[in-house]
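Trainee: Here is a sequence together with a model predicted from it:
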Amino acid sequence: VQLAESGGGLVQPGDSLRLSCAASGFTFSRYWMYWVRQAPGKEREFVAAINMIGSTTFYADSVKGRFTMSRENAKNTVYLHMNSLKPEDTAVYYCAADLRMTTRPSQYDYWGQGTQVTVSS
């Protein structure tokens, strides 16, 4: 199983960024997919979730209206479109997968290595 995130970087407040996560080694279309983030000195935090066919999404209150999660099952890839970025969005962003829907990251089966997003002027 492999989840490979990409697209992180250093941006200014108000900028946009798109993260990607390419999955392999499991039946991608059967899994809920998640984005989770971890800021320095903090616990991992649920950010967004998407169901197996991409018809249902959930977001943390802190990103609702600014972030959009999507998936392309034909490419085994999920995305996180991040708009109006704030300094408090600075974190390592992880892609994760699980057969169930839960906002508890400790429950997720598969994890990527993460990609750093830094929002600073």
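Mentor: Arrived safely.
Trainee: Leaving out chain neighbours, which residue sits closest to Y79?
Mentor: Ranked by Cβ to Cβ, 6 or more residues apart in numbering and with sequence neighbours excluded, the top spatial neighbour of Y79 is S70, at 4.9 Å. No exception for glycine: its C-beta is placed from N, CA and C like everyone else's.
Trainee: same check, this time on K42
Mentor: That would be A91: by Cβ to Cβ, 6+ apart, it lies 7.9 Å from K42.
Trainee: hey, where'd the strands end up in this structure?
Mentor: Ranges of strands in the chain, per DSSP state E, are 2-6, 9-11, 17-24, 32-38, 45-50, 57-59, 67-72, 77-82, 91-98, 110-111, 115-119.
Trainee: Rebuild the ones you listed as TSV, extending it with distance to R104.
Mentor: Converted to TSV, the strands of the chain look like this (distance: least, Cβ to Cβ, whole Å):
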stretch	distance to R104
strand 2-6	18
strand 9-11	28
strand 17-24	19
strand 32-38	10
strand 45-50	7
strand 57-59	12
strand 67-72	17
strand 77-82	19
strand 91-98	10
strand 110-111	14
strand 115-119	22
